[in-house]
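Engineer: Structure for this input, please:
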Amino acid sequence: MARILIVDDSPTETYRFKEILERYGHGVLEAPNGADGVAMAKAELPDLVLMDVVMPGINGFQATRQITKSPETAHIPVVIVTTKDQETDRVWGKRQGAKDYLTKPVDETLLMQVIANLIPGK
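Structural biologist: So this is what the prediction gives:
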């Protein structure tokens with residue numbers, strides 16, 4: 001199955017995503033903030049990144065841009081997963097290179113559909 005990097009400063013959210021992903025057989029990597037998420041994406045080259053937006057330091061929009069614009073990580077799909085549900089946030093997230101944008105609390109079925117669409121066969 002896929003290796004998925006969760007970038008979220010909330011241990012509760014990270015645990016919830018990890019529980020769902022592991023139940024579907026995916027391997028999980030974790031980063032507690034945007035800077036660590038970018039570094040881990042470069043070091044581990046996961047199959048997909050789930051990116052929170054509101055985090056200290058480098059926020060999720062900035063981290064998404066760094067991952068999607070860097071030659072060594074540009075192939076990794078990033079899905080923004082956040083409580084920010086304004087249309088302007090969605091547009092901005094996509095402009096940073098995100099392949100999809102989900103709002104918390106995320107529906108498990110929808111999350112797994114998005115992952116399956118972005119990394120088919122994993």
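Engineer: all strands for this structure, in order.
Structural biologist: Ranges of strands in the chain, per DSSP state E, are 3-7, 27-31, 48-51, 78-82, 100-103.
Engineer: Dump these into JSON lines; add mean pLDDT, mean neighbour count and distance to Thr109 as well.
Structural biologist: C-beta: built from backbone N, CA, C; applies to glycine. JSON lines is the format used below for the strands of the chain (pLDDT from 0 to 100; neighbours: other C-beta atoms under 10 Å; distance: least, C-beta to C-beta, whole Å):
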{"stretch": "strand 3-7", "mean pLDDT": "98", "mean neighbour count": "24", "distance to Thr109": "16"}
{"stretch": "strand 27-31", "mean pLDDT": "98", "mean neighbour count": "18", "distance to Thr109": "19"}
{"stretch": "strand 48-51", "mean pLDDT": "98", "mean neighbour count": "27", "distance to Thr109": "15"}
{"stretch": "strand 78-82", "mean pLDDT": "98", "mean neighbour count": "25", "distance to Thr109": "15"}
{"stretch": "strand 100-103", "mean pLDDT": "98", "mean neighbour count": "19", "distance to Thr109": "12"}
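Engineer: Nearest to Val91, out of these?
Structural biologist: Among the strands of the chain, the nearest to Val91 by C-beta to C-beta is strand 100-103 (9.0 Å).
Engineer: which other helices and strands contact the closest one?
Structural biologist: With contacts taken as 3 or more C-beta pairs under 8 Å, 6 or more residues apart in numbering; DSSP states H and E, strand 100-103 sits against strand 78-82, helix 87-95, helix 108-118.
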